[in-house]
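Asker: Structure, please.
(chains A and B)
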Amino acid sequence: MTGRGRLGTDTATVSAIKAGRPQPRKRRQGPRRLTGNQRRMVEAISTIAILIIWEIYGRNVNPVLFTYPTAIAGAFVDMIADGTLVSATGHTMSVVAIGAVIGSIAGIILGLFAGRSETFSAIIEIPLNALYATPAVALIPVIVIWFGYGDVAKVVVVFFFTIFPVLINTMRGVQEVDPDLLEVSRSFCSNERRLWRDLLLPSALPYIITGLRLAIGRALIGVIVAEFFTAITGLGNLIVTNANTFQTARMFVPIVLLSLIGVALTSLLGLLEARMAPWRRA
Amino acid sequence: MAKASLLVDNLEVHLGQATIMKNMSLSVAEGEFVAIIGTSGCGKTTLLRTIAGLLPRTNGDIVLHDQPITGPEARVAMVFQHFGLFPWKTVEKNVGYGLDVQQRPDPDGRIDRLLEMMHLAKSRRKYPFQLSGGMKQRAGIARALCMDPELLLLDEPLSAVDAITREVLQEEILQMWERQTAMNALLVTHDLDEAILMADRIIVLGGPPAEILLEVVVPIDRPRNPRTIRANPEYAPLRTRLWETLQRTNQSAAAVANGAGAAGMRPEASPDTSPDTSPDTSPHTSPDTREVRS
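Answerer: Purely as a prediction, here's the structure:
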C-alpha cells in the first residue's frame, strides 16, 4: 500500500518537528517573512500535497462515499462534453453576478451614507445588526413567499448574503477617516463634493475591497443555498441530482468549480486593489 | 512697524466645558513673523486653530486685512505638525491640492517652482509613504506656500522631524521668509531657539486658560544665519528671559493642575533638575530644552 508508506513518512516528520519544538529558538518579531517566490512555492507545494493525499486516500474508499481528484477531472471533461456543466455554471453565475452587483452597489451607497451621517447610521444600526445576525438561510421561506421559486428569489437571496458585509465595511471605512486629514481638507476650504473625492472615498477604498472580498464568498454560499431551497437549478441542481444518484465524482465537479471561481474572483479583486490603491505599502 | 494686518481681539474659546482662553488679544504687523511659545496644553495650538477658522469661538474678533475671519479661508494657509499629506496623492498632487480644491489656476508654474525650491522636484511622483519626515514636511510647507496666503500659520511644523532635518528646514524656511515681503506668519513652537531664529517678535503664553506672559521683539537683524545667531550678544540674554518666563508658568501650571495630568506630563521640567536656569548657561549646553514637547 503506497498510502500507508506515505502516511508513515508524514508521522515521522510530525514527530521530528515535535521533538525539535522544545529546543530554544531565535527570538523574532512577528511571523517569518517569505519572499514572493518562496511564498508561491509554499502555496504550490501545499496544494499539490493535499491533492496527492486526497488522490491516494480517495482511491481506497468506496466510490459512492467519496472520490478523488483524477475521477473528478474525468467527470469534469464528461460534463463539459455533454453541456450540463456549461449551462448550469452560466445560470448560477448570472444569478451571482446580478445579486452580488446589486447587493454590493446598495451596500456601498448605504455604507457611504451611513458613514458620513450619524443620524442615518443611528437609524439603521439596530435593524442592520438584527438582519446581519439572522442566518440568511432562515429568510428563504419568506423570500419564496414574496418572490416565488424562480430566479428573482435566488437573486434576492444572493443580494441578502452580500449587502451586509459590504455595507458594514464601507460604513466603517468612512467613519475611520483620519481626523487630521479632515482638518486639512477643512482648512483648505474643501467643499463636500471634493471632500469625498480627495479624502473619504480613497480612505474607505481598502475597507470597501475587504467588504467585497467577504461578499464574494457569501454570494457563492447564497446562490447554492438558494438553488437547494427554491427551484432546483444550476450548479446546486448538479450537486443534488448527482448526489441522489450516487455519482459522487460528478457531484464534486460543481463543488470544486465553485471553489475555483471563489479563488479566481478573490485574486481578481486583489489585482484590482493593487491597481486602484498604489499608495499602499506592499 | 506697519499697521496691524492680523488683529485678534478679546478672543474667548471653550472646548467642551473647559475655558481654553479668555480676553486673548494680539496682533501681527504687515510682513511680520510672530512666534508663539508656551508649554504643552497652554492653548497655543488652540489659538492657532481658532485663527485658522477651524475651531468655533465663544467671543471675540479675528480680523485679517480689515476683513473678519469666521471660518477656513483661502487667504490663510496652515502647515501642520502631522504634515497632513494625503497618502493616495503624489507629492506634486499634494503640493497642488490647495490650488486644485479651490479651483484656482496655476498660470505662473508656482507648483513647479515650489517643488524646486523645497528640493522635491525629484520626488514629485512619489507617494508620502516613500518620503522621510523631513521631505513630507517640505511638501506640507510647499502646499501652504502655493496658496500665496496673506497669513501663514505654522503649527509646530518641525517638532515631528529629527533634529538634523529640523535645523536644515529651519534655515530653508528662514531664507524663504527673508526673500519675500508680502506675507505674515504666526508660528507656534515649543522650541526657544527656533522662535528666536525665525521670529521678529515672540509671545510667551501661559495657561490654561491661555494668557500672554511676555511679548518681546527679537533684537537681531535679518538676514539671520542659524549657525552664527547664537554668537550674537543679544541671543543668550533673550533666551534666558524666555526660558525663565516658561519656567514660572510651569510651576504655576503644576500648582494649578495639582497633578491632574498636566504636572505628570513633564516631570523633567521641575526647576531643580534643569541646568538652564542660571543666566550664564550657554544655549549649546542645554539640549534638553528641545525636548519640551506637546
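Asker: if I pick the residue of chain B most remote from its centre, what's in contact with it?
Answerer: When distances are taken from the C-alpha mean of chain B, residue B:107 lies farthest, 29.7 Å away, according to Cα atoms, centre = their mean. Counting by Cβ atoms under 8 Å, 6 or more residues apart in numbering or on different chains, residue B:107 makes contact with nothing. C-beta: built from backbone N, CA, C; applies to glycine.
Asker: Residue B:22 should be in a strand, yeah?
Answerer: Yes - counting by DSSP: H, G, I helix; E, B strand; the rest coil, residue B:22 is found in a strand.
Asker: Can you report how many residues neighbour it?
Answerer: Here the number of neighbours of residue B:22 (other Cβ atoms under 10 Å in any protein chain shown) works out to 19.
Asker: before we move on, the earlier item: checking the residue farthest from the centre of chain B next. Helix, strand or coil?
Answerer: Residue B:107 - assigned by three-state DSSP - is coil.
Asker: What separation is there between it and residue A:108?
Answerer: Residue B:107 sits 38 Å away from residue A:108, going by Cβ to Cβ, to the nearest Å.
Asker: Please apply the same query to residue B:34.
Answerer: 47 Å.
Asker: Please give the element, helix or strand, for the closest residue to residue B:23 other than its chain neighbours.
Answerer: Counting by Cβ to Cβ, 6 or more residues apart in numbering or on different chains, residue B:23 lies nearest to residue B:10, which is 5.7 Å off, once chain neighbours are set aside. Per DSSP states H and E, residue B:10 falls inside strand B:4-15.
Asker: In terms of secondary structure, what does that strand contact?
Answerer: strand B:18-29, helix B:44-51, strand B:59-64, strand B:184-189 (3 or more Cβ pairs under 8 Å, 6 or more residues apart in numbering or on different chains; DSSP states H and E).
Asker: If you count neighbours, what's buried in the third one?
Answerer: Right, the one you point to is strand B:59-64. For strand B:59-64, burial by neighbour count (16 or more other Cβ atoms under 10 Å in any protein chain shown) applies to B:60, B:62, B:64.
Asker: Quick check: next helix or strand after that strand?
Answerer: Assigned by DSSP H and E, the successor of strand B:59-64 is strand B:67-68.
Asker: number of nearby residues for residue A:72?
Answerer: Neighbours of residue A:72 using other Cβ under 10 Å come to 22.
Asker: do residue B:181 as well
Answerer: Residue B:181 has 8 neighbouring residues, counting by other Cβ under 10 Å.
Asker: Looks to me like it is in a helix.
Answerer: No - under three-state DSSP, residue B:181 sits outside any helix and is assigned coil.
Asker: What is the burial count for the residue nearest to it when sequence neighbours are not counted?
Answerer: Nearest non-adjacent residue to residue B:181, counting by Cβ to Cβ, 6+ apart: residue B:31, 5.5 Å away. Other residues lying near residue B:31 total 16 when counted by other Cβ under 10 Å.
Asker: Test my guess that residue B:31 contacts residue B:184.
Answerer: Yes - using Cβ atoms under 8 Å, residue B:31 is in contact with residue B:184, at 6.5 Å.
Asker: hey, what's in contact with both of these two?
Answerer: residue B:5.
Asker: Tell me where the stretch 101-250 of chain B has helices.
Answerer: Assigned by DSSP state H, counting those that start in this stretch, the stretch 101-250 of chain B shows helices spanning B:110-117, B:133-146, B:163-179, B:192-198, B:235-257.
Asker: Now distance to chain A too, for these, in CSV please.
Answerer: CSV is the format used below for the helices of the stretch 101-250 of chain B (distance: least, Cβ to the nearest Cβ, whole Å):
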stretch, distance to chain A
helix B:110-117, 14
helix B:133-146, 8
helix B:163-179, 19
helix B:192-198, 21
helix B:235-257, 26
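Asker: Now render those helices as TSV, adding mean pLDDT, mean neighbour count and distance to residue A:88.
Answerer: Formatted as TSV, these follow (pLDDT from 0 to 100; neighbours: other Cβ atoms under 10 Å in any protein chain shown; distance: least, Cβ to Cβ, whole Å):
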stretch	mean pLDDT	mean neighbour count	distance to residue A:88
helix B:110-117	88	18	57
helix B:133-146	90	24	55
helix B:163-179	85	16	64
helix B:192-198	89	24	72
helix B:235-257	77	18	73
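Asker: export the ones you listed to a markdown table and tack on distance to residue B:75?
Answerer: Putting the helices of the stretch 101-250 of chain B into a markdown table (distance: least, Cβ to Cβ, whole Å) gives the following:
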| stretch | distance to residue B:75 |
| --- | --- |
| helix B:110-117 | 16 |
| helix B:133-146 | 12 |
| helix B:163-179 | 18 |
| helix B:192-198 | 21 |
| helix B:235-257 | 30 |
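Asker: Of all these, which one is nearest residue A:48?
Answerer: helix B:133-146 (46.0 Å; Cβ to Cβ).
Asker: how distant is the closest one from the center of its chain?
Answerer: Computed by Cα atoms, centre = their mean, to the nearest Å, the chain-centroid distance of helix B:133-146 equals 14 Å.
Asker: residues in contact with that helix?
Answerer: By Cβ under 8 Å, 6+ apart, the surrounding residues in contact with helix B:133-146 are B:77-80, B:83-85, B:91, B:94-99, B:106, B:110-111, B:114-115, B:117-120, B:123, B:128, B:131, B:152, B:157-158, B:160-162, B:165, B:168-169, B:172-173, B:176.
Asker: circling back to that earlier point, out of the helices of the stretch 101-250 of chain B, the one nearest residue A:180 is which?
Answerer: Smallest distance to residue A:180 across those (Cβ to Cβ): 11.5 Å, for helix B:133-146.
Asker: what mean pLDDT does the helix or strand harbouring residue A:250 have?
Answerer: For residue A:250, the host element (DSSP H and E) is helix A:248-276. Throughout helix A:248-276, pLDDT has a mean value of 90.
Asker: Remind me what it packs against, helices and strands.
Answerer: helix A:69-81, helix A:84-116, helix A:201-229, helix A:234-244.
Asker: ok, and which of those has the densest surroundings?
Answerer: Greatest average neighbour count among the helices and strands packed on helix A:248-276 goes to helix A:201-229 (a mean of 21), per mean count of other Cβ atoms under 10 Å in any protein chain shown.
Asker: now the angle between helix A:248-276 and that helix, please.
Answerer: Between the axes of helix A:201-229 and helix A:248-276, defined by axes from the mean of the first three to the mean of the last three Cα atoms, to 10 degrees, the angle is 170 degrees.
Asker: How far off centre is helix A:201-229?
Answerer: Distance, stretch centre to chain centre, for helix A:201-229: 6 Å (Cα atoms, centre = their mean).
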